[in-house]
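Student: Test case, fold it:
(2 chains)
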Number of protein chains: 2
Amino acid sequence: MPKYISIAKAILRYIQDNELEADDKLPSIQVLAEQFDVNKNTIVSALNDLERQGVIYQVRGSGVYVRGNNRKGYINLLNLNGFNSILSQFNIDSKVIGFELMEANEEIAENLKFDLSREDEEHRVYRVYRIRYIEGRPFCVEESFYAKAIIPYLSEDIASGSIFKYISQDLNIDIGYADHYFRVAQLSQEHAEYLNLKKGDPSFYLESVMHLTNGKPFDFSKIVYHYQEAQFFVQGTNTQMGY
Amino acid sequence: MPKYISIAKAILRYIQDNELEADDKLPSIQVLAEQFDVNKNTIVSALNDLERQGVIYQVRGSGVYVRGNNRKGYINLLNLNGFNSILSQFNIDSKVIGFELMEANEEIAENLKFDLSREDEEHRVYRVYRIRYIEGRPFCVEESFYAKAIIPYLSEDIASGSIFKYISQDLNIDIGYADHYFRVAQLSQEHAEYLNLKKGDPSFYLESVMHLTNGKPFDFSKIVYHYQEAQFFVQGTNTQMGY
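Tutor: Down below sits the predicted model:
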């Protein structure tokens, strides 16, 4: 990991530990450099990184300020993967309602970039079907497919906890980036029952494809959120808008 | 603008001009450095920037590859501001159904960070209420409030086109970042009529606060999307997950 990334994480921890809020000012670059015992260039790179993450904003000639989600109860969509850690202030449970090792169908193969015509390729996936609860209330129904070629082992027991933590910490797999596709839909009878809602009620429907750092997709998930429980937050960044 | 940012934009144009698709490989850093006549460090910085934007991914020891929205018809939420340019392959129209200069109420003041107790502060906002059409079909109903202190002039005529373009190009204002809050809701009678839907139908409800580069919010928008017309895409990035 480049030095500036570890410094960026350290500055983020500093913000959290000091409970800095939106628009609070950070110490100067000079002071941060002394505090973290690195040169100013490293601080500048770390701050640029944090700006890209939407953690801070920099005002030329004035200083560096904390950005922030000013609204409580909104989930940061770009942090969905670390679901358990992000919502750590809440009590999160998972109930596994389906678990199997199966052959990928066309939809799964397309999202995980399997070539179904190749017989020498592993096309099996672990299918994990879970209801997730927040403070005991049904929050979402999640159907995930993990490529066995990348995630060699999963169990119902592991799936009842944090799969993300298992993959990153126990299997020590480098999780890269995720693509999220979402839309609004009407609940099916089955999903409605799991979420204690009515068929036809609105729902937030998310499909995510998670990749390793080398670009290989390893997880395709379809998640149906309870429309009254789930609210989302996304921070745009400077340069994304400039392009 | 730092050199590497302009090079990042040039590489993005190269990707677009050559119609590179997801997982296509970019030329080597050496070749890019020669092509753009800059040193390799600048290329490395530009590529890191593009990786943060979700434009490319880098595989150590292998090369640089194009990421991509593999699904057509999805709107990149993080590019919502340049709405007209992003959906440029479609025919976009706006019909202004309300336009006024008004005093901010508490909700607007909170989002635009006005201090209503200060009498010397400008608390007026331009309210623009529009229906937006994609290929002639109602796509969303958008109610926006622009701080007059920052956007000194707006007109119904300007609002019938791209306000974003007017602000960034004509007023030459540096648009910074946006915060997006969204949830699923049920349509009101009024919105249902504008969108040719029924009261109670699902809707994607987005609130956005746009800021200048100095962190000042200047636009608070509430947008109700047609649930059958709007599908969204968000690219997560490596380091956001790592934090």
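Student: The biggest helix by length in chain A - contacts with which helices or strands?
Tutor: The residue-count maximum for a helix in chain A (DSSP state H) belongs to helix A:3-17. Here helix A:3-17 touches helix A:29-36, helix A:40-52, helix B:238-242, going by 3 or more Cβ pairs under 8 Å, 6 or more residues apart in numbering or on different chains; DSSP states H and E. From N, CA and C alone the C-beta is placed, and that goes for glycine too.
Student: average pLDDT across the shortest one?
Tutor: In this model, helix B:238-242 has an average pLDDT of 41.
Student: so the residue in chain A positioned nearest to chain B bridges to which residues?
Tutor: At 3.0 Å from chain B, A:Pro202 is the closest residue in chain A, using Cβ to the nearest Cβ. In this entry, A:Pro202 is beta-bridged to A:Gln186, by DSSP bridges.
Student: And for it, the neighbour number?
Tutor: 26 (other Cβ atoms under 10 Å in any protein chain shown).
Student: And the strands in chain A?
Tutor: Using DSSP state E, the strands of chain A run over residues A:56-59, A:63-66, A:75-76, A:92-103, A:124-134, A:137-147, A:175-186, A:202-212, A:217-226, A:231-235.
Student: low-scoring stretches of chain A, by residue?
Tutor: Scanning chain A for pLDDT under 70 picks out A:1, A:53, A:68-73, A:78-90, A:236-243.
Student: try it again with 80
Tutor: Chain A contains residues with pLDDT under 80 at A:1-2, A:16, A:22, A:49, A:52-54, A:60, A:68-92, A:233-243.
Student: most distant residue from the middle of it?
Tutor: No residue in chain A sits farther from the centre than A:Gly61, which is 34.5 Å out by Cα atoms, centre = their mean.
Student: For the residue of chain A closest to chain B, give me its contacts.
Tutor: Going by Cβ atoms under 8 Å, 6 or more residues apart in numbering or on different chains, A:Pro202 touches A:184-187, A:227, B:184-186, B:201-203, B:227.
Student: Between the residues you listed, which sits nearest A:Ser221?
Tutor: Set against A:Ser221, the nearest of the contacts of A:Pro202 by Cβ to Cβ is A:Ala185 (15.5 Å).
Student: separation between that closest one and A:Glu106?
Tutor: To A:Glu106, A:Ala185 is 21 Å away according to Cβ to Cβ, to the nearest Å.
Student: what about these two, which has more around it?
Tutor: Per other Cβ under 10 Å, whichever of A:Ala185 and A:Glu106 has more neighbours is A:Ala185, with 16 against 9.
Student: Who are the contact partners of the closest residue to that one other than its chain neighbours?
Tutor: Excluding its sequence neighbours, the residue lying closest to A:Ala185 (Cβ to Cβ, 6 or more residues apart in numbering or on different chains) is A:Tyr205, at 4.5 Å. A:Tyr205 sits next to A:182-185, A:222-225 when contact means Cβ under 8 Å, 6+ apart.
Student: Please give the number of neighbouring residues around the nearest residue to A:Ile175 once chain neighbours are set aside.
Tutor: Among residues not flanking A:Ile175 along the chain, A:Ser168 sits closest, at 5.5 Å (Cβ to Cβ, 6+ apart). Close neighbours of A:Ser168, defined as other Cβ under 10 Å, add up to 17.
Student: does A:Ser168 really touch A:Ser162, like I thought?
Tutor: No: A:Ser168 is not in contact with A:Ser162 according to Cβ atoms under 8 Å; the separation is 9.3 Å.
Student: wait, what's in contact with the nearest residue to A:Tyr133 once chain neighbours are set aside?
Tutor: Counting by Cβ to Cβ, 6+ apart, A:Tyr133 lies nearest to A:Asp93, which is 4.3 Å off, once chain neighbours are set aside. A:Asp93 is in contact with A:132-133, A:136, counting by Cβ under 8 Å, 6+ apart.
Student: hmm, which of the residues you listed are the buried ones?
Tutor: A:132-133 (16 or more other Cβ atoms under 10 Å in any protein chain shown).
Student: out of the contacts of A:Asp93, who's nearest B:Tyr194?
Tutor: Among the contacts of A:Asp93, and counting by Cβ to Cβ, the member closest to B:Tyr194 is A:Arg132, at 34.8 Å.
Student: Dig out what that closest one forms beta bridges with.
Tutor: Here A:Arg132 sits in beta bridges with A:Ser94, A:Cys140, going by DSSP bridges.
Student: quick one on the thing from earlier: so which of the contacts of A:Tyr205 is the closest to B:His211?
Tutor: Distance to B:His211 across these (Cβ to Cβ) is lowest for A:Phe182, with 23.9 Å.
Student: doesn't A:Arg127 make contact with A:Lys148?
Tutor: No: using Cβ under 8 Å, A:Lys148 is not in contact with A:Arg127; the gap is 10.7 Å.
Student: before we move on, back to that, can you tell me which of the contacts of A:Pro202 lies nearest to A:Val209?
Tutor: For those, the minimum distance to A:Val209 (Cβ to Cβ) is 18.4 Å, reached by A:Ala185.
Student: circling back: which neighbours do A:Lys148 and A:Arg127 share?
Tutor: Jointly contacting A:Lys148 and A:Arg127 under the rule Cβ under 8 Å, 6+ apart are A:Leu101.
Student: Put together TSV for the contacts of A:Pro202, with distance to B:Thr42 on each row.
Tutor: Below are the contacts of A:Pro202 laid out as TSV (distance: Cβ to Cβ, whole Å):
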residue	distance to B:Thr42
A:Val184	43
A:Ala185	45
A:Gln186	50
A:Leu187	51
A:Tyr227	47
B:Val184	44
B:Ala185	46
B:Gln186	51
B:Asp201	51
B:Pro202	47
B:Ser203	45
B:Tyr227	45
